[in-house]
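**Q** would you be able to build a 3D model of this:
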Amino acid sequence: QVQLVESGGGLVQPGGSLRLSCVASRSIFSINVMGWYRQAPGKQRELVAAITFGSSTQYADSVKGRFTISRDNTKNTMYLEMNSLKPEDTAVYYCNAVKAVRGSYVPLYDSWGQGTQVTVSS
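**A** Residues are numbered from 1 along each chain as shown. Model (predicted):
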């Protein structure tokens, strides 16, 4: 299992931007689909964006038009560019490889990194 380390979170005002990074411990060329998840206090972890090896993307409705997922396979890194941030985007953000199960993406790895905290507040 590849180890994934998230970074780039912080405190930002509503309307602000952040760029998250997810660095893998080894090559991600063999990982077809990767995704960003988030978990807000008292809520279940949810998938917010996914990207295939060929850079096809998928977004949760709540972040469409505001977030952009990308990956650089040569750097073993995935990114999440977050713009027009809202208080409801406040959460711990995690990355994972994902797999398709009955038409939906689910996490591939059972273990998670520490995540990176994003707080949107004035």
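
**Q** direction included, what does the helix or strand bottoming out on mean pLDDT in the chain pair up with?
**A** Between all helices and strands in the chain, the lowest mean by mean pLDDT, DSSP states H and E belongs to strand 104-107, at a mean of 93. Applying DSSP bridges to the sheet, strand 104-107 is found paired with strand 91-101 (antiparallel).

**Q** which outside residues touch the partner strand?
**A** 2, 4, 6, 9, 20, 22, 31, 33-40, 43, 45, 47-48, 50, 78, 80, 105-109, 112-113, 115-118 (C-beta atoms under 8 Å, 6 or more residues apart in numbering). For glycine as for every other residue, the C-beta is placed from the backbone atoms N, C-alpha and C.

**Q** using PDB, write out every CA atom in it.
**A** What follows is strand 91-101, C-alpha atoms only, in PDB (Å, rounded to 0.1, in the frame of the first residue of the first chain):
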ATOM      1  CA  ALA A  91     -13.200  20.000   7.100                       C
ATOM      2  CA  VAL A  92     -10.200  17.700   7.300                       C
ATOM      3  CA  TYR A  93      -9.200  16.900   3.800                       C
ATOM      4  CA  TYR A  94      -7.700  13.500   2.900                       C
ATOM      5  CA  CYS A  95      -6.500  11.800  -0.200                       C
ATOM      6  CA  ASN A  96      -6.700   8.100  -1.200                       C
ATOM      7  CA  ALA A  97      -6.700   5.900  -4.200                       C
ATOM      8  CA  VAL A  98     -10.200   5.000  -5.200                       C
ATOM      9  CA  LYS A  99     -11.900   2.100  -7.000                       C
ATOM     10  CA  ALA A 100     -15.200   1.800  -8.800                       C
ATOM     11  CA  VAL A 101     -17.800  -0.500  -7.000                       C
END
